[in-house]
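*Asks:* Sequence and predicted structure below; questions after.
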Amino acid sequence: MTDDEQSQRLRVLVLADVCNPDWPSLPVVGYKYARALSRHAETVVVTQVRNRPNIERDGLGAARVVYLDTEKIAAPMYRAAEFLRKGSGTGWTIQMAMDYPGYLAFEKAVWRIFRADLKAGLFDLVHRITPMSPTLPSYLPRRCPVPFVLGPLNGNLPWPPQFTAELKREREWFSVFRRFYKVLPYVRSTYACSGAILAAFDHTMRDLPAATLPKAFNFPEVGIDPELFSMPERPRRTRQTILYAGRLVPYKLPEVVIRAFASSSSLRRHRLVIVGDGPERPRLESLVRDQGLGDCIEFLGQKTQTEVGRLMRESEIFAFPSIRELGAGVVVEAMACGMACVVVDYGGPATLIDSDRGAKVELGTLDELVGRFARELESLAADPDRVATLGRAAHRHAMAHYAWDAKARKTVEIYRWLLGRVSEKPRFWDAVAI
């Protein structure tokens, strides 16, 4: 970095209440995004004290970290949500609703601690990177004396009507009340007073107030770490390995791939590896036994990101039949590893995958998805050259747009636009140097 670039580094107060290198999904996404931003801006990251042991063990790049303790409010609300959800694997809409008081307490504590610094101009802007739910408003935007960046947000993907049984098993009964979040305190000021809003994919963009669209960016929250997810030189194998990786919960429909194998004698000549755990696992293992698929389907349970990366490099095809996937970071990871991905043409995966870098199957009933996945997987398994071509294109796309460093650079472009240092509004989908 040149002396001129160093002198122009922006000073950013990053809000990341959920930020942990060891916790899957949102916590690790928040952690890696904050770490990447610290390479391109002077960052102070504010997070919950519960994240302290793991962050202090691994560090957070060049960021200075401030820990807040609002557990007196957050902890009992989390326990109440866990009781209503009957565990922690389903009922995410309930969890978001119960997170509301705790998150407001977190931002109020941020304001008490940093109000003087913000008013003194010690930061150029504030960026809330977690929580990522559009239903959780912010206390700070109306008060903040410097520009406030909100997001990336992700939400507002309707539940497919073909899967009401899965909705019930997911305990998403509370989702019918989601639209009422817009009348909560601080929601209007959050969107009106934020200087820039990062929103993941079209389904989230559609939920934003129309007046905010000039300052909104279609900016997916998912990202990949090239040190963990990279493309190997794959040997040509007669027996292809098809991988599913994700929680074993109703809406991700891992049973679609199992039933596809059960319906296809040609797929049975190949191998299905299932990585992940969850409440559906006993039922899925019983299905494998009942269908006599033990010689071609293997359950590996939950694995670390490092182990998942290795398994992706050892496999050729990624099958992901989730029917309500907001972001699908695991699909980006598979793309980065040069896998040919088969996904449902709905939600986040529908944007991540295109015909030149994977295959999308039309959303339908459970039986229709089984048939469509079976046909796509049969076609790919019989054509290793096509698998390799799709995988190479997927890898290039993932590295150009979703590598954390590329995303951090694009974020800084948004900061500079917001501060008036560049006139043209950036776009996430513009070409990214790699």
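*Replies:* Perfect, thanks for sending it.

*Asks:* Contacts only, for residue 29.
*Replies:* 130, 132, 221, 222, 223, 329 (Cβ atoms under 8 Å, 6 or more residues apart in numbering). The way it works is simple: take the backbone N, C-alpha and C, and place the C-beta from them, glycine included.

*Asks:* isn't residue 52 right up against residue 68?
*Replies:* No: in this structure, residue 52 is not within contact of residue 68 by Cβ atoms under 8 Å, at 10.2 Å.

*Asks:* what do the two both touch?
*Replies:* Shared contacts of residue 52 and residue 68, defined by Cβ under 8 Å, 6+ apart, are absent.

*Asks:* Residue 122 touches residue 42, doesn't it?
*Replies:* No: contact between residue 122 and residue 42 fails when scored by Cβ under 8 Å: they sit 10.1 Å apart.

*Asks:* Helices along the stretch 51-200 of the chain, start to end?
*Replies:* Here the stretch 51-200 of the chain has its helices, by DSSP state H, counting those that start in this stretch, at 52-58, 71-85, 92-119, 164-169, 187-193.

*Asks:* ok, of those, where does mean pLDDT dip lowest?
*Replies:* For those, mean pLDDT drops lowest on helix 71-85, to a mean of 64.

*Asks:* how near is residue 376 to residue 341?
*Replies:* Remark: distance between residue 376 and residue 341 (Cβ to Cβ, to the nearest Å) = 10 Å.

*Asks:* before we move on, what SS does residue 364 have?
*Replies:* When classified by DSSP: H, G, I helix; E, B strand; the rest coil, residue 364 comes out as coil.

*Asks:* outside of stretch 41-57, which residues touch it?
*Replies:* Stretch 41-57 has contacts (Cβ under 8 Å, 6+ apart) with 9-23, 27, 31, 34, 37-38, 60, 62-71, 74, 106, 110, 113-114, 123, 412, 415.

*Asks:* Leaving out chain neighbours, which residue sits closest to residue 118?
*Replies:* Ranked by Cβ to Cβ, 6 or more residues apart in numbering and with sequence neighbours excluded, the top spatial neighbour of residue 118 is residue 145, at 5.4 Å.

*Asks:* hmm, which helix or strand of this structure has the shakiest average pLDDT?
*Replies:* Least confident element among the helices and strands of the chain, by mean pLDDT, DSSP states H and E: helix 3-7 (a mean of 42).

*Asks:* can you count the residues close to residue 214?
*Replies:* Residues within reach of residue 214, counting by other Cβ atoms under 10 Å, total 7.

*Asks:* Could you check how far it is from residue 148?
*Replies:* 16 Å.

*Asks:* Check which residues of the helix or strand hosting residue 397 are buried.
*Replies:* Residue 397 is part of helix 384-401, with elements assigned from DSSP states H and E. Within helix 384-401, the residues scored as buried using 16 or more other Cβ atoms under 10 Å are 384, 387, 390, 391, 393, 394, 395, 396, 397, 398, 399, 401.

*Asks:* Only whichever of the contacts of stretch 41-57 are buried, select them in ChimeraX.
*Replies:* Per 16+ other Cβ under 10 Å, the buried members of these correspond to this ChimeraX selection:
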select :10,12,13,14,15,16,17,18,19,20,21,23,27,31,34,37,38,60,63,65,68,70,74,106,110,114,123,412,415
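
*Asks:* residue ranges for the helices of the stretch 301-434 of the chain, please.
*Replies:* So, for the stretch 301-434 of the chain - with DSSP H, counting those that start in this stretch - the helices run 305-313, 329-336, 348-352, 366-381, 384-401, 404-418.

*Asks:* Most tightly packed of those?
*Replies:* Sort the helices of the stretch 301-434 of the chain by mean neighbour count, taking mean count of other Cβ atoms under 10 Å, and helix 329-336 sits at the top with a mean of 28.

*Asks:* Give me the residues contacting it.
*Replies:* Counting by Cβ under 8 Å, 6+ apart, 25, 29, 221-224, 226, 228-231, 243, 245-246, 308-309, 312, 318, 320, 325, 341, 343, 348-349, 352-353, 357-358, 394-395, 397-399, 402-403 sit against helix 329-336.

*Asks:* Residue ranges of each domain in this structure, please.
*Replies:* Residue ranges for each domain of the chain read 3-223+403-418, 241-400, as given by automatic domain parsing.

*Asks:* Would you mind giving those as a markdown table with distance to residue 426 added?
*Replies:* Converted to a markdown table, these look like this (distance: least, Cβ to Cβ, whole Å):
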| stretch | distance to residue 426 |
| --- | --- |
| domain 3-223+403-418 | 4 |
| domain 241-400 | 15 |
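
*Asks:* per-stretch mean pLDDT over these, give me the minimum one.
*Replies:* domain 3-223+403-418 (a mean of 87).

*Asks:* How far does that domain sit from its chain's centre?
*Replies:* 12 Å (Cα atoms, centre = their mean, to the nearest Å).

*Asks:* go on, stretch 341-353?
*Replies:* Averaged C-alpha coordinates place stretch 341-353 at 13 Å from its chain's average position (Cα atoms, centre = their mean).

*Asks:* what's the span of it, first residue to last?
*Replies:* Its first and final residues considered, stretch 341-353 spans 8 Å by Cα to Cα, to the nearest Å.

*Asks:* who touches that stretch?
*Replies:* By Cβ under 8 Å, 6+ apart, stretch 341-353 touches 154, 157, 160, 200-203, 220, 222, 317-328, 331-332, 334-335, 357-363, 369, 373, 376-377, 380, 390, 394.

*Asks:* Type out the PyMOL command that picks the buried ones from these.
*Replies:* To isolate the buried members of these in PyMOL, using 16+ other Cβ under 10 Å:
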select buried, resi 154+157+160+200+201+203+220+222+317+318+319+320+321+322+323+324+325+326+327+328+331+332+334+335+357+358+359+360+361+363+369+373+376+377+380+390+394
